[in-house]
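1. Predicted coordinates and the sequence they were generated for:
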Amino acid sequence: MNRQNGTRPSGSGLVGLLAASRAHPRTALPTVATVVTTVAALYFGREVFLPIAVALLLTFALAPLVSALKRVGIPRLPAVIASVLGAFAALAMFSFVVATQVSDLAQNIPVYQINILTKIRALKETGLGGGIIARLSGVIERVGQEIERQEPQLPSATETPKRDPIPVEIVAHEKPLEVLQNLVAPLLSPLASAGLVIVVVIFMLMEREDLRDRFIRLVGYGDLHRTTQALQDAGKRVGQYLLMQLVVNIVYAVPITIGLWVLGIPNALLWGMLALALRFVPYIGPIIGALLPLFLALAVAPGWALLLWTAALFIVMELITGNVIEPWLYGSRTGLSPLAIIVAAIFWTWLWGPLGLVLSTPLTVCLVVLGRHVPQFEFLDVLFGNEPVLEPHARLYQRLLAGDPDEATDHAEEFLEDKYLFEFYDKVAIPALLLGEHDRMRGVLDDEQRRLLAGSAETLVANLDDSAQQEAEEEEDEPEAAVSGDDKAGERKASERKPGEDKEVDEAEEVNLPDGTGIAVLCAGGRGELDDAAAAMLAQVLEVQGAEATKAGFADLEPGGVRRLELDALDAVVIGFLDRDSVKHARFLVRRLKRRRPKLRVGIVFWSETGNGDRQAASAEARDLNADFVAYGMVDAVNGTLSGEPPVALKLAAKRRPPRRQPARKKAAAAVAG
């Protein structure tokens, strides 16, 4: 089992936490003026920026094709021209077929209108929806009358009544040149934009390496590695998105076309091609692509069966595509959160219209990749990316500090699907409590917040009782593995996988936790409520290992409370401290417990962000504290508690000799002499 989820900061205790905070600097947000200026430039300069954006995305999409043609021996210029002309020829053919199908559909509209009216009459006759239809018709009629109605104006005394004007119709005979101009003028703007995009794409593909070098010189000359990675990541993500989305849309559109043709829906090829194109628009595109065939199914046949079969066809294909084909071919390679996709669609549609809606996802992908690799734009990745923006321990600390242990339990159970309980406490929960201890020492965590944090943490531990019990039962059901060397029979290997876990294992990170059957342990906090919560986590892990673990609060270890503790039936007492500067207090607690019962094993745990390790320093500190063991993480704490080694004898401090008393006669003589 991989015990690490990511890179961990170096150092110990608060030093490690400070190192972690330095590794993740605060994200700088842009000023309002910068955002407004950028959006205004994109909006008012859309005639310039929109063709460039289209050309940039087509460059990302065609770059792999150009590279493939170059690898087979075709020079760059012919490869670029062939790729661009092939792509635009496919788009032109697509547009021609759609236009032809639309023209054919327009000729049959009167027939479809008759079928719709027949259905409405049938609804009225059966009484279904009659009231709704009547109300809608009345509303439409009143609105039309209001639009056509004009306010009457009374003539003034000096004005003579005006007669109604006689309508005059002027018939003009247009010249052939004017007719041609009226036909060509609406097409000039789209054709000019398409030609401009083609030219820009050709030059971008021809000068791709030069443009890359210029971009690096402008934004990342001081960090070539990061800038190169950003460019490669952007090209890979956008290229894969466009290619995989095209494949998914084709796989989706072909069965739709065949199904509509089998059902008898007119112009099935048109609806299949529209479904292919509209599916590039996230979320709402498939809905729009399904509404038009559904409306046509309502108009074609007099009954309702065709409408239901058409709806079933779209629903089944959407379920298969979304749950089977997309995860297999496409997955979540865009790196965008679902909310970001919706927000991006709204923003780019408002900015650049319907074409902006189609371009919204790939453009936002480019922005997220830029924010992922360029520190100045990190806020884009934070706002729109799908990666967690908080470390797991920071995320847990925030939930516990907000008094929401239920959501914290949900995150813990997700973690426990692939990991063990001791790993969650060692990697996530204890570091979260260390953040709380750090805030307490800085004076930013008041007493009420500290108690809320500790109470939420203990509720989290209680919520995980079922998971701990299930893990303990799984351990008991597993056959005893043969162990060799210094491994003891019954030891549990933490690297043994749970179902669904990653198959790669670093053998050097195997952890052996001993069996605690028959060992009674008391886990206690050292100096505060947060220490008590950490002790509850350790006690639960010991119970999973088979030990009989009980808990005690830090107040129970006061001089008066130690006398009331039942220590006779215990084999060991483990005291945990989140504050690393509690060495003197730990020494006093060891001495009190050892005096009560000399044969008791007493261990001290100084919880650390870096966790386990540095056994030599732990042994030296244990000798200094007169403790049986000292640990810095969950694994070493469990190993030290359940090791079964004999207790260390209490080393009493050397007694100082009292001052000699002078005899009474010598004192009197000295007084007389004085």
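-> In hand now; what should we look at? Numbers count the residues shown, from 1 in each chain.

2. Contact partners for residue 340?
-> Under the criterion of C-beta atoms under 8 Å, 6 or more residues apart in numbering, the neighbours of residue 340 are 364, 368, 383-386. Where you see a C-beta, it was placed from the backbone N, CA and C, and this is true even at glycine.

3. measure it to residue 272 for me?
-> For residue 340, the distance to residue 272 (C-beta to C-beta, to the nearest Å) stands at 30 Å.

4. Same question for residue 99.
-> As for residue 99, its distance to residue 272 is 15 Å (criterion: C-beta to C-beta).

5. ok, these two, which is more surrounded?
-> In this view residue 99 and residue 272 are compared by other C-beta atoms under 10 Å, and residue 272 has more residues nearby, 24 against 11.

6. tell me which element the closest residue to the more buried one other than its chain neighbours falls in.
-> Of all residues beyond its chain neighbours, the one nearest residue 272 is residue 257 (2.9 Å), with distances taken as C-beta to C-beta, 6 or more residues apart in numbering. Following DSSP states H and E, one finds residue 257 within helix 224-263.

7. all helices for the stretch 251-400 of the chain, in order.
-> Taking DSSP state H, counting those that start in this stretch as the criterion, the stretch 251-400 of the chain contains helices spanning 268-278, 284-300, 305-320, 338-373, 378-384, 392-401.

8. Can you give me the domain boundaries for the chain?
-> Domain assignment for the chain, taken from automatic domain parsing, gives 30-127+188-206, 235-382, 396-479+487-498+508-641.

9. is it true that residue 352 touches residue 48?
-> No. Here residue 352 does not reach residue 48: they are 11.5 Å apart, not a contact under C-beta atoms under 8 Å.

10. So between those two, which is more surrounded?
-> Using other C-beta under 10 Å, the more surrounded residue of residue 352 and residue 48 is residue 352, with 21 against 12.

11. Which residues are in contact with residue 360?
-> Each residue near residue 360 by C-beta under 8 Å, 6+ apart is listed here: 281-282, 341, 344-345, 347-349.

12. and if we set it to 10 Å?
-> Contacts of residue 360 were listed using C-beta atoms under 10 Å, 6 or more residues apart in numbering, and they are 280-282, 340-349, 351-352.

13. What's the separation between the residue nearest to residue 272 and residue 474?
-> Distance from residue 257 to residue 474, by C-beta to C-beta: 51 Å.

14. just the angle between the helix or strand hosting residue 431 and helix 392-401, please?
-> Assigned by DSSP H and E, residue 431 belongs to helix 430-442. Going by axes from the mean of the first three to the mean of the last three C-alpha atoms, to 10 degrees, helix 430-442 is angled at 60 degrees with respect to helix 392-401.

15. and helix 430-442, what does it pack onto?
-> Helix 430-442 sits against helix 14-23, helix 392-401, helix 447-463, helix 529-544, strand 572-577, with contacts defined as 3 or more C-beta pairs under 10 Å, 6 or more residues apart in numbering; DSSP states H and E.

16. Could you export those as JSON lines, including distance to residue 324?
-> Conversion of those to JSON lines gives the following (distance: least, C-beta to C-beta, whole Å):
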{"stretch": "helix 14-23", "distance to residue 324": "40"}
{"stretch": "helix 392-401", "distance to residue 324": "31"}
{"stretch": "helix 447-463", "distance to residue 324": "35"}
{"stretch": "helix 529-544", "distance to residue 324": "38"}
{"stretch": "strand 572-577", "distance to residue 324": "49"}
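
17. Could you identify which of the ones you listed is most buried?
-> Mean neighbour counts were compared across the helices and strands packed on helix 430-442 using mean count of other C-beta atoms under 10 Å; the top stretch is strand 572-577, at a mean of 27.

18. Give the partner strands of that strand in its sheet and their orientations.
-> The strands beside strand 572-577 in its sheet (DSSP bridges) come out as strand 520-525 (parallel), strand 601-606 (parallel).

19. ok so, going back, count the neighbours of the residue nearest to residue 272 for me.
-> A total of 19 residues lie near residue 257 under the criterion other C-beta under 10 Å.

20. Quick one: residues contacting it.
-> Applying C-beta under 10 Å, 6+ apart as the definition, the contact partners of residue 257 turn out to be 265, 268-273, 275-276.

21. Tell me the one of the residues you listed nearest residue 42?
-> Ranked by distance to residue 42 (C-beta to C-beta), those are led by residue 276 at 28.4 Å.

22. Nearest spatial neighbour of that closest one, chain-adjacent residues omitted?
-> Closest residue to residue 276 apart from its sequence neighbours, by C-beta to C-beta, 6+ apart: residue 253 at 3.7 Å.

23. Am I right that that neighbour is in contact with residue 270?
-> No. Residue 253 is not in contact with residue 270 according to C-beta atoms under 10 Å; the separation is 11.1 Å.

24. Can you select the buried ones from the contacts of residue 340 in ChimeraX?
-> Here is the ChimeraX selection string for the buried members of the contacts of residue 340, based on 16 or more other C-beta atoms under 10 Å:
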select :364,368,383,384,385
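
25. Would you reformat the contacts of residue 340 as CSV and include pLDDT and distance to residue 543?
-> Converted to CSV, these look like this (pLDDT from 0 to 100; distance: C-beta to C-beta, whole Å):
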residue, pLDDT, distance to residue 543
364, 81, 48
368, 80, 44
383, 79, 43
384, 78, 44
385, 74, 39
386, 69, 37
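
26. Can I get stretch 276-294 as CSV, trimmed to CA atoms?
-> Backbone C-alpha positions of stretch 276-294 (Å, rounded to 0.1, in the frame of the first residue of the first chain) are rendered in CSV as follows:
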residue,chain,number,x,y,z
LEU,A,276,-23.0,15.6,-33.4
ALA,A,277,-22.3,19.4,-33.5
LEU,A,278,-24.5,20.4,-30.6
ARG,A,279,-22.8,17.9,-28.3
PHE,A,280,-19.7,20.1,-28.3
VAL,A,281,-21.8,22.5,-26.2
PRO,A,282,-21.6,21.2,-22.6
TYR,A,283,-24.8,20.2,-20.9
ILE,A,284,-27.4,22.1,-22.9
GLY,A,285,-26.2,21.0,-26.3
PRO,A,286,-27.6,17.5,-26.1
ILE,A,287,-30.9,18.8,-24.8
ILE,A,288,-31.2,21.2,-27.8
GLY,A,289,-30.3,18.5,-30.2
ALA,A,290,-33.0,16.2,-28.8
LEU,A,291,-35.8,18.9,-28.7
LEU,A,292,-36.0,19.4,-32.4
PRO,A,293,-36.5,15.7,-33.3
LEU,A,294,-39.0,15.4,-30.5
